[in-house]
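>>> Provided below for reference: sequence and predicted model.
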Amino acid sequence: MSNKRRRLRVKAEPDNFKRQHKDNETFILRAQEDVVLREGAVVVVKTGVHLEIPVGHTGLVSISDNQGKTGIALSNGVGIIDARDRKEVELSLISYRGDRTIFKGDEIAKVVVIPLRPVNPQYVKTLKGSD
């Protein structure tokens, strides 16, 4: 496998999409507005970030550690950004521990871009190792 980095085109203010640490491949997403999360209610939060994920790759989105510790989660558990998706990355958040406020500029989620290995489905009557 080549060590050459693929180019990730990003339409965003640089502060809204930064590498978490200079030596890793995780990027931070920040809230673009103040949002009040009522316990159990789903709220969509804008990030101001549009990504052009390279073909053959996908973006995985997870809640930031700090938000997760307070009981805030992505309502769908994990987000997937397809290589053809150019819409703004929006996060569906839910609070499981009371009402919470997210402020503009807060770190709310992480993105990692990973390569995919193409597969072709083979439809069968039974699977190896199954009953």
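Structure received. Here the structure is a predicted model, which is why all the values come from computation and not from measurement.
>>> need the next SSE after the longest strand anywhere in the chain, C-terminal direction.
Counting residues, the longest strand found in the chain (DSSP state E) is strand 42-52. Moving toward the C-terminus from strand 42-52, the next helix or strand (DSSP states H and E) is strand 57-63.
>>> and that next one with strand 42-52, angle?
Relative orientation of strand 57-63 versus strand 42-52 (axes from the mean of the first three to the mean of the last three C-alpha atoms, to 10 degrees): 150 degrees.
>>> not counting the next helix or strand along the chain from strand 57-63 itself, show me its contacts.
Next helix or strand after strand 57-63 toward the C-terminus (DSSP H and E): helix 65-69. By C-beta atoms under 8 Å, 6 or more residues apart in numbering, the residues outside helix 65-69 that reach it are 73, 93, 102, 106-109. All C-beta spots, glycine's among them, are computed from the backbone N, C-alpha and C.
>>> nearest to Lys128, of the residues you listed?
Minimum distance to Lys128 across those is 35.5 Å, recorded for Ala73 (C-beta to C-beta).
>>> elements contacting the one helix or strand the closest one maps to?
Under the criterion of DSSP H and E, Ala73 resides in strand 72-74. Judged by 3 or more C-beta pairs under 8 Å, 6 or more residues apart in numbering; DSSP states H and E, strand 72-74 is in contact with strand 57-63, strand 88-95.
>>> now those in TSV, with mean neighbour count?
Listed next are these as TSV, based on neighbours: other C-beta atoms under 10 Å:
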stretch	mean neighbour count
strand 57-63	18
strand 88-95	19
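>>> only alpha carbons, please: show stretch 47-66 as CSV.
What follows is stretch 47-66 as a C-alpha-only set of coordinates in CSV (Å, rounded to 0.1, in the frame of the first residue of the first chain):
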residue,chain,number,x,y,z
THR,A,47,-20.9,22.4,10.8
GLY,A,48,-20.3,24.6,7.9
VAL,A,49,-18.2,21.9,6.3
HIS,A,50,-18.5,20.3,2.9
LEU,A,51,-16.2,17.4,2.0
GLU,A,52,-15.1,15.9,-1.3
ILE,A,53,-14.2,12.4,-0.2
PRO,A,54,-12.0,10.6,-2.8
VAL,A,55,-13.7,7.9,-4.7
GLY,A,56,-12.9,4.5,-3.1
HIS,A,57,-13.0,6.1,0.4
THR,A,58,-15.7,6.9,3.0
GLY,A,59,-15.9,9.3,5.9
LEU,A,60,-16.8,8.0,9.3
VAL,A,61,-18.3,10.4,11.8
SER,A,62,-18.4,9.9,15.6
ILE,A,63,-19.2,12.1,18.5
SER,A,64,-16.3,13.8,20.2
ASP,A,65,-15.0,12.3,23.4
ASN,A,66,-15.9,15.4,25.4
